[in-house]
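J.: okay, sequence plus prediction incoming.
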Amino acid sequence: MEHILPSYDDPLFSILLIIVIALIIALVTYGWGMYRQQKEEGNLLKFLEKFDSSECALDTTNMPFESNMLKPLTLLAKAFENTGEYHKAINIYIYLIKHIEHEPGEIELMERLGNTYLHAGFLERSKSIYLEILRRTPRNVQVLYELGIVYEAMQRYDKAKEILEPLKVLGEDTAALERYFDFSELIASKTVEAEEKVIKIKAILKKQSSLYRQIVSALLQLDTSSAWEIIDAERMKELIDILWFLPNSQLDLDIIASNDKLHTLYYAKGYLQKPMIQSGIFSLDMLATARKGGFEEGDLLFSYLCKKCKQSFPVSFTRCPNCMAINSVQVEEKIAKSSPKTDYSLL
């Protein structure tokens, strides 16, 4: 029996042709995908070679990798990061990135590596990591925010503001962050005169009241009288440490004497002699009561809580050192016995 091939006009021929073309396209696509994957892996290895970790105490050079090592090593790296042993955490993250095979895992580990470099103060390295992540995943909102933090730390506010536009496109509300960058750029500027800074800072306050603490602190350095004009006794809790440590030369006694809360603070501090116990802040009123009773060795100690991540720190911050949130500081005060002051003479 003769086998007759379908003619060009035969519908069967068209079906066979479509199947052949589909198979060719599938094979080419698969081959191209494998090529791209191998190229990306090669590029990633070349990229990681720039981050020399030979100084690290943890030797991973000859460590064999197994997939079940991913989670424990990631936890170990995080533990090292939390204890400030950044060099060990960095070494582990680089080792894992070199050996992991799936891209989502790579991206997550690269982000952790970028965060570790950021916390360790290696800003250029952190920037390079974040830019590489964004090259692969341009719609990564979290990394865009983190890149903005790096540029802010570098005081490259023009670059920090560039990340706002893609964040807006991705549906993020960036109004508060934009004003924060404007304020930070203004404070850091070496070309804007002090008088002009004061005017612009007050304008920013009208639009962004959450910057109140930072703005009062900045104005106290630029123009004390302008600072006292915006000090609101009803928000004294936000400023209690700043006001407590102000030297006599920066006090506006007329404003203080006319406000019971401010009067209480500076009576408790020992700057005023007329008793007043009406601040509404428990620790401060207790200290003022003790002073009225003759105990003059009291003092206030301060700690600083991040309202977002609940971590506590011994010094104030604009961005939380842990979670990098802005305007999240909450001042916590407690009564303590004042330590004796010793004046050392050079003569």
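T.: Cool, got the structure.

J.: domains of this protein?
T.: 28-155, 173-230, 235-340 (automatic domain parsing).

J.: hmm, residue 78 and residue 89 touching each other?
T.: Yes. Assessed by CB atoms under 8 Å, residue 89 is found in contact with residue 78 at 7.2 Å. Using the backbone N, CA and C atoms, a C-beta is placed for each residue, glycine as well.

J.: list of residues touching the helix or strand harbouring residue 161?
T.: Using DSSP states H and E, residue 161 sits within helix 157-162. Contacts to helix 157-162, defined as CB atoms under 8 Å, 6 or more residues apart in numbering, come from residues 148, 151-152, 178, 181, 184-185, 188.

J.: pLDDT score for residue 51?
T.: Note on residue 51: pLDDT of 58.

J.: before we move on, back to that, mind listing what's buried in the helix holding residue 161?
T.: Within helix 157-162, the residues scored as buried using 16 or more other CB atoms under 10 Å are 157, 160-161.

J.: following that helix, which helix or strand comes up?
T.: Once the chain leaves helix 157-162, the next helix or strand it forms, by DSSP H and E, is helix 164-169.

J.: mind listing what's buried in that next one?
T.: Those would be 164, 166-167, for helix 164-169 by 16+ other CB under 10 Å.

J.: next: stretch 249-263.
T.: 251-252, 256, 259, 261-263.

J.: nearest to residue 226 among these?
T.: Taking CB to CB as the measure, residue 252 is the one of these closest to residue 226, at 10.9 Å.

J.: tell me the confidence at the residue lying closest to the closest one once chain neighbours are set aside?
T.: Leaving out its chain neighbours, the residue that sits closest to residue 252 by CB to CB, 6 or more residues apart in numbering is residue 228, at 4.3 Å. Listed pLDDT for residue 228 reads 96.

J.: which helices and strands sit right next to the host helix or strand of residue 228?
T.: For residue 228, the host element (DSSP H and E) is helix 224-230. Applying 3 or more CB pairs under 8 Å, 6 or more residues apart in numbering; DSSP states H and E, one finds that helix 224-230 makes contact with helix 194-207, helix 212-222.

J.: got those as a markdown table, with mean pLDDT and distance to residue 275 columns?
T.: Formatted as a markdown table, those follow (pLDDT from 0 to 100; distance: least, CB to CB, whole Å):
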| stretch | mean pLDDT | distance to residue 275 |
| --- | --- | --- |
| helix 194-207 | 94 | 34 |
| helix 212-222 | 95 | 27 |
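
J.: just name the most buried of the ones you listed.
T.: The highest average neighbour count among those, using mean count of other CB atoms under 10 Å, belongs to helix 212-222 at a mean of 18.

J.: quick check: angle from that one to helix 194-207?
T.: Comparing the axes of helix 212-222 and helix 194-207 via axes from the mean of the first three to the mean of the last three CA atoms, to 10 degrees yields an angle of 170 degrees.

J.: who's in contact with helix 212-222?
T.: Taking CB under 8 Å, 6+ apart as the rule, helix 212-222 contacts 183, 187, 194, 197-198, 201-202, 204-205, 226-227, 230-232, 235, 238-239, 242, 246, 250, 318, 327, 329.

J.: selection in PyMOL covering whichever of the contacts of helix 157-162 are buried, please.
T.: Per 16+ other CB under 10 Å, the buried members of those correspond to this PyMOL selection:
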select buried, resi 148+151+152+178+181+184+185
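
J.: so which of the contacts of helix 157-162 are in helices?
T.: 148, 151-152, 178, 181, 184-185, 188 (DSSP state H).

J.: which residues touch residue 317?
T.: Per CB under 8 Å, 6+ apart, neighbours of residue 317: 304, 306, 329.

J.: redo those residues as a markdown table? Include secondary structure and distance to residue 93.
T.: Listed next are the contacts of residue 317 as a markdown table, based on DSSP: H, G, I helix; E, B strand; the rest coil; distance: CB to CB, whole Å:
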| residue | secondary structure | distance to residue 93 |
| --- | --- | --- |
| 304 | strand | 29 |
| 306 | strand | 24 |
| 329 | strand | 29 |
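
J.: circling back to that earlier point, so which of residue 89 and residue 78 has more stuff around it?
T.: residue 89 (28 against 15; other CB atoms under 10 Å).

J.: helix or strand for the more buried one, which one?
T.: Going by DSSP H and E, residue 89 is part of helix 86-99.

J.: any idea of the mean pLDDT for stretch 139-150?
T.: Here the average pLDDT along stretch 139-150 is 96.
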